[in-house]
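Q: have a look at this prediction, sequence included:
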Amino acid sequence: MLRRTDIEGGYLLTLEREDLSRIYPGMVRYTVRVRFDGKTRAAFRTNTYEYTPGMPLDAGESARETFEEWARELAADPGVFIGARQPVPRVGSAIPVTDVLVIQGSPRAGGNCSIMADLAASAAREAGRTAQVIFPDDLYLRPCIGCYWCYNFAQCTFDDDMEGVIAAIRGARLIVVCTPVYTDTVPAALKMVIDRCQAYHAERALFGGPEGQTGLLLAVAGRTGEENFGCVRTVMRDFFRNLGIGPCGEVLAGGMDRARDVRTVPGIENRVRAAVTACLKSDAGETAIATSSGLPPGE
């Protein structure tokens with residue numbers, strides 16, 4: 001660790017190196033920190049995964065350059081240095097935290113995913129839990145750019161509505177994801193939420209997170225056959241696993257190109273309600289019941 005102290009100025013400037021290979025192979029994080037009166041007044045962090053092969057600097061060089069630059073600025077006028085680095089409040093929309101969070105991934109309002117999402121929320125409320133449905137397509141979200149900045153401060157570089165989504169996921173006991181099958185996978189806005197949750201993965205990897213969260217998949221497909229849900233199942237399995245969320249069931253409804261309305265699928269409402277109830281019982285430490293696929297007969 002590099003360290004420079006100015007007794008008269010009252011500040012301590014340090015450069016620290018951390019091995020984060022427990023998160024990703026070979027990941028190293030560098031922190032340049034300025035302390036006044038025992039409190040951190042400014043911090044710069046960078047990690048090796050931020051730097052692509054074509055970039056002229058690496059993380060260590062960037063951190064050392066920042067350390068030297070800050071040393072010069074502090075020597076010139078510590079007050080000006082600190083004043084220029086006051087934190088800027090983030091302005092992303094707040095989303096209420098509830099027991100059950102339902103992410104309605106379809107861009108089509110009032111469609112089959114919305115119907116299933118409402119059924120799930122209703123079942124949660126009937127079980128005495130608070131619940132809300134959020135629609136990624138109604139939120140201001142930017143796509144993940146794979147910058148790995150979130151592994152510096154456990155926070156995304158973008159200031160948008162995703163901060164509220166992560167807070168809602170963090171606070172929920174059950175996360176229900178409703179999705180249609182779009183070109184054999186999930187719709188773009190839902191995939192954007194999944195990718196942007198890398199910031200929540202970073203937070204959990206660095207500082208830990210809640211235990212005992214469970215996840216439920218509700219999905220519809222236009223075509224007939226359970227094989228049409230293969231990619232969606234894989235995406236959601238990896239999404240839940242990445243965030244430490246235990247999968248607790250799924251309800252799948254295929255053949256929607258012909259059926260049109262998911263409510264015409266025999267027993268679908270009971271299957272969704274039973275799946276939500278089972279997940280909530282599992283959360284409470286009770287024995288969960290197995291959830292069927294919910295596919296129409298013959299699929």
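A: Nice, thanks for sending it over. Numbering: from 1, shown residues only.
Q: just the pLDDT for residue 53.
A: Looking at residue 53, its pLDDT reads 91.
Q: correction: the previous question concerned residue 2.
A: pLDDT recorded at residue 2 is 67.
Q: count of neighbours near residue 264?
A: As a burial measure, residue 264 scores 13 neighbours (other C-beta atoms under 10 Å). C-betas here are computed from N, CA, C, even on glycine.
Q: distance check, it against residue 112.
A: As judged by C-beta to C-beta, to the nearest Å, residue 264 and residue 112 stand 10 Å apart.
Q: stretch 31-38: which residues count as buried?
A: Neighbour counts over stretch 31-38 (16 or more other C-beta atoms under 10 Å) mark 31, 32, 33, 34, 35 as buried.
Q: any chance of CSV for the residues you listed, columns distance to residue 78, secondary structure and pLDDT?
A: Formatted as CSV, these follow (distance: C-beta to C-beta, whole Å; DSSP: H, G, I helix; E, B strand; the rest coil; pLDDT from 0 to 100):
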residue, distance to residue 78, secondary structure, pLDDT
31, 19, strand, 96
32, 15, strand, 96
33, 14, strand, 94
34, 8, strand, 93
35, 11, strand, 90
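Q: out of those residues, who's nearest residue 199?
A: Residue 199 has its nearest neighbour among those in residue 31, at 18.0 Å by C-beta to C-beta.
Q: for stretch 156-173, what is the average pLDDT?
A: Here the average pLDDT along stretch 156-173 is 95.
Q: next one: that stretch to chain centre, how far?
A: Distance, stretch centre to chain centre, for stretch 156-173: 7 Å (C-alpha atoms, centre = their mean, to the nearest Å).
Q: cool, and stretch 165-175?
A: With C-alpha atoms, centre = their mean, you get 9 Å for stretch 165-175.
Q: list the buried residues of that stretch.
A: 165, 166, 167, 168, 169, 170, 172, 173, 174, 175.
Q: thinking again about what came up before, from the buried residues of stretch 31-38, pick the one nearest residue 136.
A: Distances from residue 136 to these, taken by C-beta to C-beta, are shortest for residue 31, at 33.1 Å.
Q: all helices for the stretch 51-200 of the chain, in order.
A: Assigned by DSSP state H, counting those that start in this stretch, the stretch 51-200 of the chain shows helices spanning 59-76, 78-83, 112-126, 150-153, 162-171, 188-196, 198-207.
Q: which among those is found nearest to residue 138?
A: If we rank the helices of the stretch 51-200 of the chain by C-beta to C-beta, the stretch that ends up nearest is helix 188-196, at 8.9 Å.
Q: how much space separates the spatially closest residue to residue 159 that is not a sequence neighbour from residue 153?
A: Leaving aside its chain neighbours, residue 159 sits nearest to residue 90 (4.7 Å; criterion: C-beta to C-beta, 6 or more residues apart in numbering). Distance, residue 90 to residue 153, using C-beta to C-beta: 12 Å.
Q: could you do residue 277 as well?
A: Taken as C-beta to C-beta, the span from residue 277 to residue 153 is 39 Å.
Q: with residue 231 instead?
A: Separation of residue 231 from residue 153 (C-beta to C-beta) stands at 33 Å.
Q: and residue 65, what does it touch?
A: Applying C-beta atoms under 8 Å, 6 or more residues apart in numbering to residue 65 gives the contacts residue 57.
Q: returning to what we had before: need the least confident one among the helices of the stretch 51-200 of the chain, by mean pLDDT.
A: Of all those, the minimum mean pLDDT falls on helix 78-83 (a mean of 86).
Q: list the helices and strands it packs on?
A: If contacts are counted by 3 or more C-beta pairs under 8 Å, 6 or more residues apart in numbering; DSSP states H and E, helix 78-83 sits against strand 28-36, strand 39-47, helix 59-76.
Q: columns distance to residue 186 on top of the ones you listed, output as JSON lines?
A: Below are these laid out as JSON lines (distance: least, C-beta to C-beta, whole Å):
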{"stretch": "strand 28-36", "distance to residue 186": "31"}
{"stretch": "strand 39-47", "distance to residue 186": "29"}
{"stretch": "helix 59-76", "distance to residue 186": "33"}
